[in-house]
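here is a sequence with its predicted model. Questions after.
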Amino acid sequence: MGYAIRSVILLGVLTGLFLFVGNLIGGKTGMTIALILAGIMNFIAYWFSDKIVLAMYGAKEIPYEEAPWLHKMVEELAQRANIPKPKIYLVPMEQPNAFATGRGPSNGAVAVTAGILNLLNERELRGVLAHEIGHIKNRDVLVATMAATIAGAISYLVNMLQFALLFGHSREEENNNPLSLVASIAMIIITPIIATIIQMAISRSREYMADETGARISGDPLALASALEKIHNYVYQIPTQVNQGTAHLFIESPLSGQGIWELFSTHPSTEKRIERLRELARQIGSYAY
């Protein structure tokens with residue numbers, strides 16, 4: 001529940017930033033135009049993102065006959081989560097990873113790479129699948145789209161300010177208002193950074209939430225902790241081409257940062273995730289790995 005509230009607060013802060021910047025730069029008209037343009041782009045992404053992402057990574061749906069054990073595992077977890085059984089896809093990628101996509105529980109899909117099937121044991125894989133089903137249950141694609149829409153609108157407003165500075169002011173106006181020019185340049189630089197940090201914080205919060213949701217669905221937080229430890233140790237040893245715009249989908253992102261760079265990462269550090277899962281295991285009871 002805490003992660004959900006945190007996401008709402010961060011979305012509120014991002015919206016507040018949009019309103020503040022919009023009033024300063026474009027007024028109500030500029031704000032409306034920016035929000036409409038960003039909304040259209042993300043509306044398309046929201047409705048077609050599942051097909052786009054699956055095609056991008058060459059994912060193929062796994063027939064029941066090829067892996068009945070996998071289908072039964074996903075079906076059991078979906079029942080425990082009280083959502084329809086998502087479709088299952090195989091990504092021909094040696095890097096151990098997995099992701100979920102789809103607008104919501106009624107059209108969700110989970111995708112696993114060939115690498116993760118070779119690396120994890122059945123219990124660990126169940127923990128990973130429960131995490132991905134947690135994303136579907138929590139409607140994280142919708143939350144990510146909302147955050148991207150607002151952040152995108154802020155970017156449009158900043159671009160409007162850049163255009164105005166380049167073509168909308170005379171040299172005389174610039175000379176008469178040096179402080180205004182400096183403030184505008186500072187806003188162009190700082191505002192997108194702040195919006196990105198907030199958007200990434202929302203993504204990390206949803207990742208923590210999916211960890212907890214998945215652990216409660218499976219009833220085995222330590223299975224996911226063990227899986228994350230293995231995946232983290234292998235993911236950087238087996239580099240792969242991952243589109244930066246889809247990095248947030250994966251259970252372990254190759255683009256994750258450390259230290260201060262974690263502010264710009266779509267995922268919290270694996271160490272922190274494992275620590276929280278172990279604490280959750282102590283709370284609800286689980287067997288050690």
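Ah, there it is.

what are the ranges of the strands in the chain?
Per DSSP state E, the chain carries strands over the ranges 60-61, 87-91, 98-101, 109-113.

gap between the second one and the chain center?
For strand 87-91, the distance between its averaged C-alpha position and the chain's averaged C-alpha position is 19 Å (Cα atoms, centre = their mean, to the nearest Å).

could you give the angle of it to strand 109-113?
Orientation of strand 87-91 against strand 109-113 (axes from the mean of the first three to the mean of the last three Cα atoms, to 10 degrees) gives an angle of 30 degrees.

other SSEs contacting strand 87-91?
For strand 87-91, the elements it packs on are strand 60-61, helix 68-81, strand 109-113, helix 114-119, judged by 3 or more Cβ pairs under 8 Å, 6 or more residues apart in numbering; DSSP states H and E. Placement of C-beta: from N, CA and C, glycine included.

what does the shortest one give?
If contacts are counted by 3+ Cβ pairs under 8 Å, 6+ apart, strand 60-61 sits against strand 87-91.

lowest-pLDDT helix or strand in this protein?
helix 171-176 (a mean of 49; mean pLDDT, DSSP states H and E).

any idea how far the residue sitting nearest the centre point of the chain lies from residue 72?
Closest to where the C-alpha atoms of the chain average out (Cα atoms, centre = their mean) is residue 248, at 3.7 Å. Residue 248 sits at a distance of 29 Å from residue 72 (criterion: Cβ to Cβ, to the nearest Å).

cool, residue 32 as well?
50 Å.

could you do residue 192 as well?
Here residue 192 is placed at a distance of 46 Å from residue 72 (Cβ to Cβ).

same question for residue 236.
In this structure, residue 236 and residue 72 are separated by 32 Å, where distance is defined by Cβ to Cβ.

check residue 82 too.
17 Å.

of these two, which one has the most company?
Neighbours per residue (other Cβ atoms under 10 Å) separate residue 82 from residue 72, with residue 72 holding more: 12 against 9.

shaky segments in the stretch 151-289 of the chain?
Counting by pLDDT under 70, the ranges of the stretch 151-289 of the chain that qualify are 164, 166-178, 180, 254-264, 286-289.

for residue 217, find the nearest of the helices and strands packed on strand 87-91.
helix 68-81 (4.9 Å; Cβ to Cβ).

run the chain-centre distance for that closest one.
In terms of Cα atoms, centre = their mean, the centre of helix 68-81 is set 24 Å apart from its chain centre.

for stretch 272-287, same thing?
22 Å.

C-alpha coordinates for that stretch, CSV please?
In CSV, the C-alpha atoms belonging to stretch 272-287 read as follows (Å, rounded to 0.1, in the frame of the first residue of the first chain):
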residue,chain,number,x,y,z
LYS,A,272,17.9,-3.1,-1.8
ARG,A,273,15.2,-5.3,-3.5
ILE,A,274,16.7,-8.5,-2.1
GLU,A,275,16.9,-6.9,1.4
ARG,A,276,13.3,-5.9,1.3
LEU,A,277,12.2,-9.3,0.1
ARG,A,278,14.1,-11.0,2.9
GLU,A,279,12.4,-8.7,5.4
LEU,A,280,9.0,-9.5,3.8
ALA,A,281,9.9,-13.2,4.2
ARG,A,282,10.5,-12.7,7.9
GLN,A,283,7.1,-11.0,8.2
ILE,A,284,5.0,-13.5,6.3
GLY,A,285,7.1,-16.7,6.8
SER,A,286,9.0,-18.4,4.1
TYR,A,287,11.6,-21.1,3.7
